[in-house]
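Participant: need a 3D model of the sequence below.
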Amino acid sequence: MNQSFLEYTKAILIKVSFDSRLFRKEFGKALRVLNEPEKDELIAWAKKLKLSNDLR
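Facilitator: Alright, predicted model coming up:
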């Protein structure tokens with residue numbers, strides 16, 4: 001597997017996006033592991049895909 005953890009996280013978040021509680025849980029886990037630039041990229045990605053509504 002030659003995939004960054006950020007890309008892996010995005011794939012997981014897409015798969016769990018049907019459940020906002022699970023999405024928030026996985027998003028929180030990712031934020032604890034990723035470095036600052038990756039966190040910023042993940043947040044921007046979620047906003048771009050309008051998944052950030054699930055973060056409320």
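Participant: check what pLDDT Leu49 gets.
Facilitator: Predicted confidence (pLDDT) for Leu49: 87.
Participant: dihedrals phi and psi, it?
Facilitator: In terms of degrees, to the nearest 10, the main-chain angles of Leu49 are phi -90, psi 0.
Participant: what is the rounded mean pLDDT of stretch 11-31?
Facilitator: Per-residue pLDDT over stretch 11-31 has a mean of 94.
Participant: which residue is the nearest non-sequential neighbour of Leu51?
Facilitator: Nearest non-adjacent residue to Leu51, counting by CB to CB, 6 or more residues apart in numbering: Ser17, 5.8 Å away. All C-beta spots, glycine's among them, are computed from the backbone N, C-alpha and C.
Participant: off-centre distance for stretch 27-47?
Facilitator: Averaging C-alpha coordinates over stretch 27-47 and over its chain gives two centres that are 6 Å apart (CA atoms, centre = their mean, to the nearest Å).
Participant: between the two ends of that stretch, how far is it?
Facilitator: 13 Å (CA to CA, to the nearest Å).
Participant: next one: stretch 27-43
Facilitator: Counting by CA to CA, you get 9 Å between the two ends of stretch 27-43.
Participant: ranges for the helices of this structure?
Facilitator: Here the chain has its helices, by DSSP state H, at 5-16, 20-33, 36-48.
Participant: in JSON lines, list those along with mean neighbour count.
Facilitator: Below are the helices of the chain laid out as JSON lines (neighbours: other CB atoms under 10 Å):
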{"stretch": "helix 5-16", "mean neighbour count": "15"}
{"stretch": "helix 20-33", "mean neighbour count": "14"}
{"stretch": "helix 36-48", "mean neighbour count": "13"}
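Participant: that older thread, ok, now how distant is the residue nearest to Leu51 from Glu38?
Facilitator: For Ser17, the distance to Glu38 equals 19 Å [CB to CB, to the nearest Å].
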